[in-house]
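>>> 3D model of this:
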Amino acid sequence: MKKLLSLALALVLVLSVMSFAAAEGAANKHGLGMVTSIGSLADATAEKPGAAQVNTTVCSVIVDADGKIVSVIWDVQQTKITFSLEGKPVDLPEVLKTKLEKGDEYGMRKVSGIGKEWFEQIAAFGEYVIGKTLEEVKAMPTFDRGDGSHNMVPDAEDLKASVTITVGDYIASLEKAIANAK
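Next comes the predicted model:
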């Protein structure tokens, strides 16, 4: 089911970007890349259920003949399943929405030090990479927040006020998308 959801998300991104690519010219190439990672794991106890989270990050990119990014879209399917001490599901989500689909419902704004929701931060990161090559994006300075999960937060002056999310999977999916660009 997760693969089907990822494929459906990828198809939506491909179709939306393909129309843009056609309008932009034949020298541009479109690519799609996905990275799946374990977001978190917690053992079940008698007091509380265990949890497993899987994140699939999808990147759709258009690059020009010089390898510069013309357009980019990222989205994440973040699936969390809770389970009992016996390993049985406790709470299965009825509807799986991506982070973009959730919008304000995702809830990052209330815990963000800059007061920005995920979709605002990923849009700002997308704007930052436009006009850059993959090598330039990968050379961007980052820092480790030291909390065990935010180990690649942008440290570029242009992003400090707009992006506090860790960007490792976004860059990894961008790299795959550019490698797949045709």
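
>>> roughly how far does residue 61 sit from residue 158?
Using CB to CB, to the nearest Å, we find residue 61 at a distance of 19 Å from residue 158. (Glycine included, C-beta is placed from N, CA and C.)

>>> the two: which is more packed in?
residue 61 (29 against 12; other CB atoms under 10 Å).

>>> and the closest residue in space to the more buried one that isn't next to it in sequence, how many neighbours?
With sequence-adjacent residues excluded and distances taken as CB to CB, 6 or more residues apart in numbering, residue 61 is closest to residue 177, at 4.3 Å. Counted with other CB under 10 Å, the neighbours of residue 177 add up to 28.

>>> so who does the closest residue to residue 43 other than its chain neighbours touch?
Spatial nearest neighbour of residue 43, excluding adjacent residues (CB to CB, 6+ apart): residue 50 at 5.1 Å. Going by CB atoms under 8 Å, 6 or more residues apart in numbering, residue 50 touches 41, 42, 43, 44, 82, 83, 84, 85.

>>> quickly list what residue 50 is bridged to.
With DSSP bridges applied, the residues forming beta bridges to residue 50 are residue 83.

>>> need the residue in the chain that's farthest from the chain's center.
Going by CA atoms, centre = their mean, the residue of the chain most distant from its centre is residue 46, 33.8 Å out.

>>> what's near enough to touch the nearest residue to that residue once chain neighbours are set aside?
The shortest distance from residue 46 to any residue other than its chain neighbours is 6.2 Å, reached at residue 85 (CB to CB, 6+ apart). By CB under 8 Å, 6+ apart, residue 85 lies in contact with 44, 45, 46, 49, 50.
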